[in-house]
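Asks: using only what follows, build the 3D model:
(2 chains)
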2 protein chains.
Amino acid sequence: MPSTVLKTSKSLLESSKPLFKSPKPLLQMALDATDIDTALASIEHVADKLDVIEIGTILAFAHGVDSVRILREKYPNHIIVCDMKITDASAILTRLAMDAGANWVTVSAAAHIETIRSAKKVTDEFDGEVQIELYGHWTMEDAQAWVDMGIKQAIYHRSRDAELAGVSWTEEDLIKMQKLSDIGIELSITGGIVPDDLHLFKNLSAKSFIAGRALAGSNGRDIAENFHTEIGKHW
Amino acid sequence: MPSTVLKTSKSLLESSKPLFKSPKPLLQMALDATDIDTALASIEHVADKLDVIEIGTILAFAHGVDSVRILREKYPNHIIVCDMKITDASAILTRLAMDAGANWVTVSAAAHIETIRSAKKVTDEFDGEVQIELYGHWTMEDAQAWVDMGIKQAIYHRSRDAELAGVSWTEEDLIKMQKLSDIGIELSITGGIVPDDLHLFKNLSAKSFIAGRALAGSNGRDIAENFHTEIGKHW
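Replies: This is a model prediction of the structure:
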């Protein structure tokens, strides 16, 4: 009897293991051209290898939210995020993006907590989500407040100092990311990220890896493949 | 002789007094419609009473930087500010706005110091200026760093908590503004501001007062007049 119980528990544990495992991170391409035609041309050859299309802040300001509408029409099945880095007037801005076909919008960590709440309320109407852009002097107390209101995602940029110093990812970056992951935040990770870096993040709840120019180049499909291979290895 | 010297000194002092006095604050209208036609209609009746036209974040995302171009063509002599609240990619975003005809762009206080420096470098090419949008946990140390690199302007929003609580301007707001003013930052002041509030700011280096809906209404010209009357009284 005890051995049967043990066996049952063990198989339960095994079969339920996937439930406890984070889902596979997604591959996201950021479109940051200053005109819509260049943006469309840059994604065409690699679109079927992407999960998430980002209308970057540059494209969104250059061409307006119409850029979201155009990408949505062309790519009806991708997740689309409009990277507005909303800091104020979040209800109107979020609705602009969602009405145009976005699934997610980004809101600045520097936004007032009520600004973030208003953005979330609008995304909820559309079954969308808010992603917090981690800029400025945000604290873990802020992060807990975001989680408490139901925010699930944040975008982590490799620290600028690391980038300028030619350092890949610092211990400090990884510790901060782990802390965010530990309180339940799914991270989209960006900042000159290459497939060989992905193993660094294998213990995190990683929502997506964001690349831009690397995917737009002539070997973009190969690079996308390399991202998926690394994702498959570690998640 | 001594009395002549005294007289000369006195008249010198008097004649030079205006040099030490802050220039008169400007009147700025924020255009935050979600379409360009509404924005254009909202400003027409009051444009000749304005010094600064703001392409609000909402309009800039809704219609893209073309909204700057359209307002610049129609109003060649106004100062135009594009309220992008830039948080990253500042060189490209600033150039987009300046090429379209903006004089000033706004950059988030949460932006990395090098992001702010890059924005300033581009505005310098156009004899333009950067305005820092005071959101998030900025510090006086940050503010000093902005001044040290030659930033002259910031935008102060009435605290959201005060606004939600129906309080006009708190002592805390005024103390923060005075500290910024004391280190040489010219403030553009916003957040449901009315002409009767202006006396509160008479000891500050006030660059502009920003209103939106109040100026768009049918009595917008009267309200603009009231702003100028109060400005004339206190500066």
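
Asks: who does A:Q131 bridge with?
Replies: On the basis of DSSP bridges, A:Q131 takes part in beta bridges with A:T106, A:Q153.

Asks: count the neighbours of it for me.
Replies: 26 (other C-beta atoms under 10 Å in any protein chain shown). From N, CA and C alone the C-beta is placed, and that goes for glycine too.

Asks: what do you get for A:D124?
Replies: Neighbours of A:D124 using other C-beta under 10 Å come to 12.

Asks: okay, and it sits in which element?
Replies: helix A:113-125 (DSSP states H and E).

Asks: what segments of chain A are helices?
Replies: Remark: helices assigned in chain A by DSSP state H are A:2-20, A:36-44, A:57-63, A:66-74, A:90-99, A:113-125, A:140-148, A:160-164, A:171-182, A:213-216, A:220-234.

Asks: quick check: buried residues in stretch A:227-235?
Replies: Buried residues in stretch A:227-235, counted by 16 or more other C-beta atoms under 10 Å in any protein chain shown: A:227-228, A:230-231.

Asks: let me see the contact set for the spatially most central residue of chain A.
Replies: Residue closest to the mean C-alpha point of chain A, counted by C-alpha atoms, centre = their mean, is A:S188 at 3.2 Å. Applying C-beta atoms under 8 Å, 6 or more residues apart in numbering or on different chains, we find A:S188 in contact with A:28, A:131, A:153-156, A:206-210.

Asks: just the buried residues of those.
Replies: A:28, A:131, A:153-156, A:206-210.

Asks: returning to that earlier point: would you list the helices of chain A in JSON lines and tack on mean pLDDT?
Replies: Formatted as JSON lines, the helices of chain A follow (pLDDT from 0 to 100):
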{"stretch": "helix A:2-20", "mean pLDDT": "42"}
{"stretch": "helix A:36-44", "mean pLDDT": "98"}
{"stretch": "helix A:57-63", "mean pLDDT": "98"}
{"stretch": "helix A:66-74", "mean pLDDT": "98"}
{"stretch": "helix A:90-99", "mean pLDDT": "98"}
{"stretch": "helix A:113-125", "mean pLDDT": "96"}
{"stretch": "helix A:140-148", "mean pLDDT": "98"}
{"stretch": "helix A:160-164", "mean pLDDT": "70"}
{"stretch": "helix A:171-182", "mean pLDDT": "96"}
{"stretch": "helix A:213-216", "mean pLDDT": "93"}
{"stretch": "helix A:220-234", "mean pLDDT": "97"}
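
Asks: and those, which is most packed in?
Replies: helix A:57-63 (a mean of 25; mean count of other C-beta atoms under 10 Å in any protein chain shown).

Asks: that older thread, got the helices of chain A as TSV, with distance to B:S118 columns?
Replies: Compiled in TSV, the helices of chain A are given as follows (distance: least, C-beta to C-beta, whole Å):
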stretch	distance to B:S118
helix A:2-20	44
helix A:36-44	22
helix A:57-63	13
helix A:66-74	23
helix A:90-99	24
helix A:113-125	26
helix A:140-148	26
helix A:160-164	11
helix A:171-182	22
helix A:213-216	18
helix A:220-234	27
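
Asks: pretty sure A:D83 is touching A:I55, no?
Replies: Yes: using C-beta atoms under 8 Å, A:D83 is in contact with A:I55, at 6.3 Å.

Asks: more neighbours: which of these two?
Replies: Taking other C-beta under 10 Å, A:D83 and A:I55 do not tie; A:I55 has more neighbours (31 against 27).

Asks: and A:Y135, what does it touch?
Replies: A:85, A:108-110, A:157, B:87-88, B:108, B:110-112, B:136.

Asks: which non-adjacent residue is nearest it?
Replies: The shortest distance from A:Y135 to any non-neighbouring residue, by C-beta to C-beta, 6 or more residues apart in numbering or on different chains, is to B:A110 (4.4 Å).

Asks: ok, back up a step: to B:L198, which of the helices of chain A lies closest?
Replies: Nearest to B:L198 among the helices of chain A is helix A:113-125; the distance by C-beta to C-beta comes to 26.5 Å.

Asks: report the contact partners of A:M177.
Replies: A:156, A:187, A:189, A:201, A:204.

Asks: now swap in A:L59 and tell me
Replies: Contacts of A:L59 (C-beta under 8 Å, 6+ apart): A:31-34, A:36, A:39, A:67.

Asks: wait, what's in contact with the residue nearest to A:Y135?
Replies: A:87, A:108-110, A:135-137, B:87, B:135-136, B:138.

Asks: so A:S205 is in contact with A:L187, correct?
Replies: Yes: using C-beta under 8 Å, A:S205 is in contact with A:L187, at 6.6 Å.

Asks: these two: who's more crowded?
Replies: A:L187 (24 against 20).

Asks: please name the bridge partners of that one.
Replies: Beta bridges link A:L187 to A:A154, A:A206 when assigned by DSSP bridges.

Asks: and it, how close does it get to A:L180?
Replies: 6 Å (C-beta to C-beta, to the nearest Å).

Asks: and if you look at A:V107?
Replies: Counting by C-beta to C-beta - A:V107 and A:L180 are separated by 15 Å.

Asks: same thing with A:D222?
Replies: To A:L180, A:D222 is 31 Å away according to C-beta to C-beta.

Asks: same check on A:A216?
Replies: As judged by C-beta to C-beta, A:A216 and A:L180 stand 29 Å apart.

Asks: if we can go back for a sec, redo the contacts of A:S188 as TSV? Include pLDDT.
Replies: Formatted as TSV, those follow (pLDDT from 0 to 100):
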residue	pLDDT
A:Q28	98
A:Q131	98
A:Q153	98
A:A154	98
A:I155	98
A:Y156	97
A:A206	97
A:K207	98
A:S208	98
A:F209	98
A:I210	98
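
Asks: so which of those comes closest to chain B?
Replies: The shortest gap between chain B and any of these belongs to A:I155, at 10.6 Å (C-beta to the nearest C-beta).

Asks: I'd like the mean pLDDT over the longest strand belonging to chain A, please.
Replies: Assignment by DSSP state E gives strand A:79-86 as the longest strand of chain A. Computed over strand A:79-86, the mean pLDDT rounds to 98.

Asks: parallel or antiparallel, which strands does that strand pair with?
Replies: strand A:52-55 (parallel), strand A:104-108 (parallel).

Asks: per-residue confidence averaged over the last one?
Replies: Regarding strand A:104-108, the rounded mean pLDDT is 98.

Asks: from the chain's centre, how far out does that strand sit?
Replies: Distance of strand A:104-108 from its chain centroid, counting by C-alpha atoms, centre = their mean, to the nearest Å, is 10 Å.

Asks: please apply the same query to stretch A:173-182.
Replies: Distance, centroid of stretch A:173-182 to centroid of chain: 15 Å (C-alpha atoms, centre = their mean).

Asks: and if you look at stretch A:91-109?
Replies: On C-alpha atoms, centre = their mean, the centre of stretch A:91-109 falls 14 Å from the chain's centre.

Asks: repeat that for stretch A:193-209.
Replies: For stretch A:193-209, the distance to the chain centre is 11 Å (C-alpha atoms, centre = their mean).

Asks: likewise stretch A:128-141?
Replies: With C-alpha atoms, centre = their mean, you get 12 Å for stretch A:128-141.

Asks: may I see the buried residues of that stretch?
Replies: A:128-136, A:138.

Asks: about what we covered before: what two of the buried residues of stretch A:227-235 are the furthest from one another?
Replies: Spanning the widest gap among these are A:H228 and A:E230, at 7.4 Å by C-beta to C-beta.
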